[in-house]
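# Sequence and computational prediction follow.
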Amino acid sequence: MKVAIVGASGTVGQEFMRVLDEQNFPVDELVLFGSARSAGRIFTFRGKDHVVKLMQHNDDFRDIDIAFVSMGRGPAREYAETITKYGCIMIDNSSAFRMDDDVPLVVPEVNGDDALNAPRRIIANPNCSTIILVVALKPLDNISHIKNVQVATYQAASGAEHGGQGTALPRP
């Protein structure tokens, strides 16, 4: 299987590579994509070096089966047609397609079969808090239907230990 990771040099892109390797995902060929800032960087996957290609509107996805995408809402929408045009399945980690009726919102442990019906060849996933919550709630709902859940989440000011920007909280 030919697999792409879009946003390969970011924290999530690096985690994609780690999990694909850890789960022994059947990757025959890996192609990495990124921004102009990331293009040219080299990452090793299963003992082989891979150079990050510049993400562009071209035919780079012609022979790719699956693209794991983590590049933000705007770029995900901008490049979706480029990624899916030749049949590639785009698994998007951003919020770009989460509310689209024709894009399945999938957590494999909960509703994995929904991924089999992706008319736009795009599969979205919820945010990290929601994923953890629904994985825990699904077995309980199987026992007795859950009618209501009240949830509060507290998100970090920044991700991956990067400095927060404009996120200072008022002092008491």
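Cool, got the structure. Residues are numbered from 1 along each chain as shown.

# which SS state does V31 fall under?
Secondary structure, DSSP: H, G, I helix; E, B strand; the rest coil: V31 is strand.

# For it, which residues are in contact?
Neighbour list for V31: K2, V3, A4, I5, H50, K53, D60, I64 [criterion: CB atoms under 8 Å, 6 or more residues apart in numbering]. The way it works is simple: take the backbone N, C-alpha and C, and place the C-beta from them, glycine included.

# Let's see if you can find the most crowded of those.
I5 (29 neighbours; other CB atoms under 10 Å).

# Could you confirm that residue falls within a strand?
Yes - according to three-state DSSP, I5 belongs to a strand.

# Next one: it from F16, what distance?
The gap separating I5 from F16 is 5 Å, by CB to CB, to the nearest Å.

# any common contacting residues for these two?
Joint contacts of I5 and F16 (CB under 8 Å, 6+ apart) are F68.

# where do the helices sit along the protein?
Secondary structure of the chain (DSSP state H): helices located at 11-22, 73-84, 108-111, 128-143.

# pretty sure P119 is touching D102, no?
Yes - in this structure, P119 is within contact of D102 by CB atoms under 8 Å, at 5.3 Å.

# what comes up buried for stretch 30-40?
Judged by neighbour count using 16 or more other CB atoms under 10 Å, the buried positions of stretch 30-40 are L30, V31, L32, F33, G34, S35, S38, A39.

# Max pairwise distance over those residues: which two?
L30 and S35 (18.2 Å; CB to CB).

# Need the residue closest to the centroid of this protein.
With distances taken as CA atoms, centre = their mean, the residue of the chain nearest its centroid is N93 (2.7 Å).

# Hmm, S70 and it touching each other?
Yes - counting by CB under 8 Å, S70 is a contact partner of N93 at 4.1 Å.

# Show me how far stretch 108-128 is from its chain's centre.
11 Å (CA atoms, centre = their mean, to the nearest Å).

# Same check on stretch 130-146?
22 Å.

# Repeat that for stretch 120-131.
7 Å.

# What average pLDDT does that stretch get?
Mean pLDDT, stretch 120-131: 93.

# Buried ones in stretch 70-84, by neighbour count?
In stretch 70-84, residues buried by neighbour count (16+ other CB under 10 Å) are S70, M71, G72, P75, A76, Y79, A80, T82, I83, T84.
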